Structure formats: C-alpha cells, structure tokens
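Participant: Got a sequence here, can you build the structure:
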Amino acid sequence: LENRAELRGMKYELEMNNADLAASERERLPDLMIRGMYKRMVEGADQWAAMLSINIPFAPWASGKYSGKIEENALAARATEQSLSNMTNMIQAEVRDLWAKTSSRWQQTERYRLTILPQTEQSLQSTLAAYETGRADFLSLLDSYRMLQMLKMDYYKLVGEYVANIALLERAIG
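Facilitator: Take a look at the predicted model:
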C-alpha cells in the first residue's frame, strides 16, 4: 500500500482537505495583523509605514459563509477518506486475486513438469517399444507423440501465463 502512487496522492489530498478544514475553522476567530514597512529612497527622504488591521467575523450576515465553508471542507475531507478507504480495499482485493492466480499457475506448471510430462514421455517410450516389437500400430505411436507435444505446448502456455501473472502482481504491488 505504501508503493502505490495513487494512494499516496489520495493521502496528500486528504491532508490538504484537513488543512483547508482547519483553516476555515480558524476564520471564525478574530484576525489581527500588524505590519511595518521601511522604504529606502535613492533620492529624497526615506519612508516609514505602519499598518494595523483587525478582522472581527461576528457579523450576523457573515456567519452562514463561515459555517458553510466549514461544512463544505468537512464533507470534502470525509469524501476523500471514503475514496482512500475504497481504493485501499480495491488494491488489497486485486493483490489477493492476482496472488491466487499466480500461485494456481505455479502449482499447475509444477504438476505438468513433475508428473504429467514425465508420465506422458514414459507412455510414449512404452508405445515406441510396443511398436518396435509389433504389438502396437503406427497410429498409436503417432497419437502418443502428438499427445506429448500437445501437453508440452500446454505446459509452455501455463508458464507464459504464470510469468504474465507475476508481472501483473508486481504492477499491483507497486
């Protein structure tokens, strides 16, 4: 979950929404600003300036503005939390699904490699020995050879699917 870029982006969006919510809640408080400024002039006298500003948000007609902004930012933060939770669940389900597919393909390739292909090769050798002694016909030998080749193709197809699933799993992990 830490390696997925979209999750990191959603976490940053959630932090931004929470910061907006905190800032909008602070707008209800009085704001005092004092500023001093000095200008050095090349020609003429230097200038000094001072400014004092106070913002008192207690006007009855402005309370809806502040409460609406707070409510809007709170809803945006909750929506982002829900989206983040949904994305996390979706990624976890995707990883579990791909892990199951990958392990299934691995088990199938091992089954082919360790049992099915060796048994088919033994069957081919047995049919070849029977053909050489005259107990089997050529079509049986050809059928055994075709079966072995088909199973080898199936095995290589499974290996390809296994490698593709590994790539998909690595992508899903991030």
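Participant: The residue sitting furthest away from the middle of the chain and M51, how far apart?
Facilitator: Ranked by distance from the centre of the chain (CA atoms, centre = their mean), the top residue is G44, with 64.1 Å. Relative to M51, G44 is positioned 21 Å away (criterion: CB to CB, to the nearest Å). The way it works is simple: take the backbone N, C-alpha and C, and place the C-beta from them, glycine included.
Participant: how much distance is there from the lengthiest helix in the chain to the middle of the chain?
Facilitator: If you go by DSSP state H, the chain has its longest helix at helix 63-111. On the basis of CA atoms, centre = their mean, to the nearest Å, helix 63-111 sits 9 Å off its chain's mean C-alpha point.
Participant: quick one: the residue farthest from the centre of the chain is in a helix?
Facilitator: No: looking at G44 with DSSP: H, G, I helix; E, B strand; the rest coil, it is coil, so not inside a helix.
Participant: State the phi and psi torsions of it.
Facilitator: phi 100, psi -170 (degrees, to the nearest 10).
Participant: Do you know the pLDDT at F138?
Facilitator: As predicted, F138 sits at a pLDDT of 93.
Participant: With the one 3 residues further on instead?
Facilitator: At L141 the predicted local confidence, pLDDT, stands at 94.
Participant: hang on, isn't it packed against A129?
Facilitator: No: if you go by CB atoms under 8 Å, L141 and A129 don't touch, sitting 10.0 Å apart.
Participant: Give the other helices and strands that the helix or strand K152 falls within contacts.
Facilitator: For K152, the host element (DSSP states H and E) is helix 138-173. For helix 138-173, the contact count by 3 or more CB pairs under 8 Å, 6 or more residues apart in numbering; DSSP states H and E identifies helix 63-111, helix 117-133 as packing neighbours.
Participant: Adding mean pLDDT, write the ones you listed out as a markdown table.
Facilitator: Shown next, in a markdown table, are those (pLDDT from 0 to 100):
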| stretch | mean pLDDT |
| --- | --- |
| helix 63-111 | 91 |
| helix 117-133 | 95 |
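Participant: Reformat these as TSV; add mean neighbour count and distance to N55.
Facilitator: As requested, these are arranged in TSV below (neighbours: other CB atoms under 10 Å; distance: least, CB to CB, whole Å):
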stretch	mean neighbour count	distance to N55
helix 63-111	14	12
helix 117-133	14	81
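Participant: Let me have the ones you listed in a markdown table, extended by distance to Y156.
Facilitator: Listed next are the helices and strands packed on helix 138-173 as a markdown table, based on distance: least, CB to CB, whole Å:
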| stretch | distance to Y156 |
| --- | --- |
| helix 63-111 | 9 |
| helix 117-133 | 11 |
